[in-house]
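**Q** Output the structure for:
(2 chains)
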Protein chains: 2
Amino acid sequence: MDISNSVGKSNVLSKRGLRIMNDSSILEIGMLKCQTNGYSDANPSGVINAGTAENTISNDIIAEKLSQVKSPYLDDPDILKYKDFTGITTFKNTLCSFLTKYANAHEQLNPDNLVILNGCGSCIAALTIVLCDPGDAWLIPTPYYNAINTDSNRLPLVNLVHVDLTSQESQETGQPFQLTVDKLEDALDQATVKGINIRGLFIMNPHNPLGDIYSKQLMKECLQFAKRHKLHVIMDEIYMLSMFDEETKFTSVLSLDDLPDPDMTHFIWGFSKDFSMSGLRCGAIYSWNKQVVAALGGVAYWFAVPTAMQFTLDRMLSDEEWVGQTYLPTNRKRLRDSYDVMSKGLTKLGIPHLVRSAGLYIWADFREFVSPLTFEAELEMFYELIDAGVYIPAGQCFYCQEPGWFRIIFALPNHIQQLVLQRIDKVISKRRKFNLRCPVGDGENK
Amino acid sequence: MDISNSVGKSNVLSKRGLRIMNDSSILEIGMLKCQTNGYSDANPSGVINAGTAENTISNDIIAEKLSQVKSPYLDDPDILKYKDFTGITTFKNTLCSFLTKYANAHEQLNPDNLVILNGCGSCIAALTIVLCDPGDAWLIPTPYYNAINTDSNRLPLVNLVHVDLTSQESQETGQPFQLTVDKLEDALDQATVKGINIRGLFIMNPHNPLGDIYSKQLMKECLQFAKRHKLHVIMDEIYMLSMFDEETKFTSVLSLDDLPDPDMTHFIWGFSKDFSMSGLRCGAIYSWNKQVVAALGGVAYWFAVPTAMQFTLDRMLSDEEWVGQTYLPTNRKRLRDSYDVMSKGLTKLGIPHLVRSAGLYIWADFREFVSPLTFEAELEMFYELIDAGVYIPAGQCFYCQEPGWFRIIFALPNHIQQLVLQRIDKVISKRRKFNLRCPVGDGENK
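**A** Modelled structure (predicted):
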């Protein structure tokens, strides 16, 4: 949105205000398209949102549950008052029990170590504020979920230093975009030479957008690397329960009995993804460091979850049978089925992609259709897909260092998935023809 | 809370994290006392909270209303998804109609100028972030509600430059602590000499803790002062409807038809005080400046109000008859009655205080009982009051430049008010005796 000339004064906003105003990410542009001209029964040619990582195939179960548990709370005058802004005691206890069970925690989690805030974005912002000064930086492997950048930067004024992973397949795992400690060491060295103060390492497990799950071995190596260099580690496990393959083993950082440096290790989880409720804004930080917890208490006021919401979520989680026997297995099955539809559909279209079993998305290789293979051409394809009625963010949104990759959300109703595949097909079919006529050399000249 | 030695590493927190951890205001200490050893039927000797500005005499009406309107929304899967983080359209429309009516707005408010965030504290923080860079400052008359300091500083890293008002009665109004434009000019001059970048003026109307209502004339002079110096004005009118005297005329900044500089004027209001729901966390900014609104959109994600809450509040406000015929008049009458009880009680105890007709609090003059008349002795009395079972914050919490003043919340049930008065009486009676034995000179030597 260009409104820079809408007022006469150039110094109405602060420098950071101007930066924030002009910092529209491609994800935000896509979301806006889906808001202003979104697909619906009434607007079938509107843009389908296959770009925002929301689970819209299980929220009927949640909505039904919430409609049952909300009643006794909103009419209690006490919920209208200020409470402990880091979360009410009863909800902290319930959430600790839940995380202890489902993260297979090494020991019963302590509610005194838990801080509940309005979404994982706020958890990242709050942790960044208390652990970093303006100008400091986190190390983070690319590609990564781009909002970690805005979470760290817009309020906290902290930067991300990239550890670039490549599509070249690892000799060890046979997979592309694999993290190694050597790459972390290199990135830290280079940042240090540049005088950047690296305060820690940011890890997503399961990973967004790759869908990778870190092996216990690799996770430990990362934690040891951090300890060696006196770095914090933020372990963002927001997709912990969005796993849909019983065979795949997931190791939460909470489950380790020999954490290299508990004082510098901080865990994040939230309801947005695993419980299909991004609109409810609730996440949590678990930290073993009492100073960190106390400092988070000093910023929790601005990121507090309304007491009524906490009571509602508390009631929902407290129904352990519903969580363990109904919601989670149903959600897992639906994710599995949806994944299969999208994965098979992409295969049929001839689009290679990572085969994973976690998250709500598939990391897909469109390099064949991006010509020339540049970020500009990738962006062009992004807009062409939007014009064809489907929003899927390009790899550059995730700071992928190689053009040609896209992330596609599969956690969508089946008929929507079919439309997504059709609209993608329309774009790539045209491009296939175009590529046959115009080899790369020509494309570069246009 | 001193936990600085609880971990071995001194650099676990950032510099700002350490500052946040150690920045416990007296208000927070008081609230903590009321949380850990609070007064209740089961704990009658616990500390009564007459210090947190909450309206606990009308929240029964709100709770009843909320219990009626919540039903149709929480079971709608759509509310579980991300929405426009600056507020959903329907709620923006409703809130604009409401503010247009009750602020007696000069023209129908435009929903495009409205940004809804999780509480007025977040509104202040967000505005400060987009209007100021770290190290910049707001001008603010003292005494003032101390959280404006933390709202401006903890996340935004912006400072407040004080315009100190004195208890000496104004020749013009006959009242103490009166703001004049000369004082603003002086404070701005002094700050400029010191190299401080003043970005704007912060005004609360009705004022907290004084209960003052600005005359239209004074407000315009302040706005003209700001325009002259190219400063923003934040007009915080969070107590706009907590007025309990039909005779008193209140002029909202929204009602002015000749606003000196609309592009630099920003209005704040929220539900916490006027609708007795501080725990629900909902406030709003109205700004005529499209750049400011756009930049606020860039930080709204971290301060978003859950969609379900917005629907609930929307339904509540949409019942115009209930708002205009039931809630507001009942609340006004209850505030009037409670004010009278506290004011008469203080008079009976011989405690002078400002006679006002807005807010939830009374600014009271305890100078007779603070001996010597220093901030140290004031703090001592603050703790003595807590030991006697009542938390009322001392003037230094509000950066009052003269010791001896306290703010007392009167919006409490009658039997609690009586206890507050009894416990205050206990402390001042002891002090009266002490003062008779030890005149000021002696006191200074102890």
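**Q** May I have the phi/psi pair for A:His207?
**A** The phi/psi pair for A:His207 (degrees, to the nearest 10) reads phi -90, psi 140.
**Q** Next, work out how far apart it and A:His106 are.
**A** Per C-beta to C-beta, to the nearest Å, A:His207 is found 22 Å from A:His106. (C-beta placed from N, C-alpha, C; glycine too.)
**Q** near chain B at all, stretch A:78-87?
**A** Yes - remark: stretch A:78-87 sits within contact range of chain B at A:79-84, by C-beta under 8 Å from any C-beta of the partner chain.
**Q** can you map out the helices along the stretch 251-400 of chain A?
**A** Using DSSP state H, counting those that start in this stretch, the helices assigned to the stretch 251-400 of chain A run over residues A:271-274, A:290-297, A:307-318, A:320-321, A:328-349, A:375-387.
**Q** Same list (the ones you listed) but as a markdown table, adding mean neighbour count and distance to B:Val161.
**A** Shown next, in a markdown table, are these (neighbours: other C-beta atoms under 10 Å in any protein chain shown; distance: least, C-beta to C-beta, whole Å):
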| stretch | mean neighbour count | distance to B:Val161 |
| --- | --- | --- |
| helix A:271-274 | 24 | 40 |
| helix A:290-297 | 24 | 26 |
| helix A:307-318 | 22 | 35 |
| helix A:320-321 | 10 | 54 |
| helix A:328-349 | 17 | 53 |
| helix A:375-387 | 18 | 45 |
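**Q** mind checking which of the ones you listed is nearest B:Thr251?
**A** helix A:307-318 (34.3 Å; C-beta to C-beta).
**Q** how big is the angle separating that closest one from helix B:307-318?
**A** Angle of helix A:307-318 versus helix B:307-318, following axes from the mean of the first three to the mean of the last three C-alpha atoms, to 10 degrees, is 140 degrees.
**Q** for helix A:307-318, packing partners?
**A** Applying 3 or more C-beta pairs under 8 Å, 6 or more residues apart in numbering or on different chains; DSSP states H and E, one finds that helix A:307-318 makes contact with helix A:59-69, helix A:71-74, helix A:89-102, helix B:307-318.
**Q** what's the burial count for A:Gln401?
**A** By other C-beta atoms under 10 Å in any protein chain shown, the residues close to A:Gln401 number 15.
**Q** brain fart, A:Gln35
**A** Neighbour number of A:Gln35 under other C-beta under 10 Å is 13.
**Q** Over to A:Ile234?
**A** A:Ile234: 26 neighbours (other C-beta under 10 Å).
**Q** again, but for A:Tyr399
**A** For A:Tyr399, using other C-beta under 10 Å, the count is 18.
**Q** still on that earlier bit, what's the lowest-pLDDT member of the residues of stretch A:78-87 next to chain B?
**A** Lowest in pLDDT among the residues of stretch A:78-87 next to chain B is A:Ile79, which has 74.
**Q** Show me how chain A divides into domains.
**A** As assigned by automatic domain parsing, chain A contains the domains A:15-53+A:323-445, A:72-318.
**Q** Can you name the residues of the stretch 301-446 of chain A sitting close to chain B?
**A** A:301-304, A:306-309, A:312.
**Q** swap that for the stretch 51-200 of chain A, sorry
**A** A:52, A:54, A:56, A:59-60, A:62-64, A:66-67, A:70, A:74-77, A:79-84, A:118-119, A:121-122, A:125, A:129-134, A:136, A:150-151, A:154-155, A:157, A:199.
**Q** Buried among those? Make that a PyMOL selection.
**A** In PyMOL syntax, the buried subset of those is picked out as below (16 or more other C-beta atoms under 10 Å in any protein chain shown):
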select buried, chain A and resi 52+54+56+59+62+63+66+67+70+74+75+77+79+80+81+82+83+84+118+119+121+122+125+129+130+131+132+133+134+136+150+151+154+155+157+199
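**Q** For A:Leu210, which three-state class applies?
**A** coil (DSSP: H, G, I helix; E, B strand; the rest coil).
**Q** Okay, now the unreliable bits of chain A?
**A** A:1-10, A:70-76, A:435-446 (pLDDT under 70).
**Q** where exactly do the strands run in it?
**A** A:48-49, A:114-117, A:137-142, A:159-164, A:198-204, A:232-236, A:265-270, A:283-287, A:361-365, A:390-391, A:405-409 (DSSP state E).
**Q** quick one: the longest one to chain centroid distance?
**A** Put plainly, it is strand A:198-204. Distance of strand A:198-204 from the chain centroid (C-alpha atoms, centre = their mean, to the nearest Å) equals 15 Å.
**Q** Could you single out the nearest of the residues of the stretch 301-446 of chain A next to chain B to B:Ile408?
**A** For those, the nearest to B:Ile408 is A:Tyr301 (23.0 Å; C-beta to C-beta).
**Q** who's in contact with the closest one?
**A** Under the criterion of C-beta atoms under 8 Å, 6 or more residues apart in numbering or on different chains, the neighbours of A:Tyr301 are A:85, B:119, B:121, B:150.
**Q** Identify the farthest-apart pair in the residues of stretch A:78-87 next to chain B.
**A** A:Leu80 and A:Asp84, at 15.1 Å, using C-beta to C-beta across the residues of stretch A:78-87 next to chain B.
**Q** quick revisit: hey, which of the domains of chain A is tucked in deepest?
**A** domain A:72-318 (a mean of 21; mean count of other C-beta atoms under 10 Å in any protein chain shown).
**Q** A:Thr374 reaches A:Glu402, doesn't it?
**A** No - the pair A:Thr374 / A:Glu402 is not scored as a contact, 10.5 Å apart, by C-beta atoms under 8 Å.
**Q** Name the residues contacting each of those two.
**A** Joint contacts of A:Thr374 and A:Glu402 (C-beta under 8 Å, 6+ apart) do not exist.
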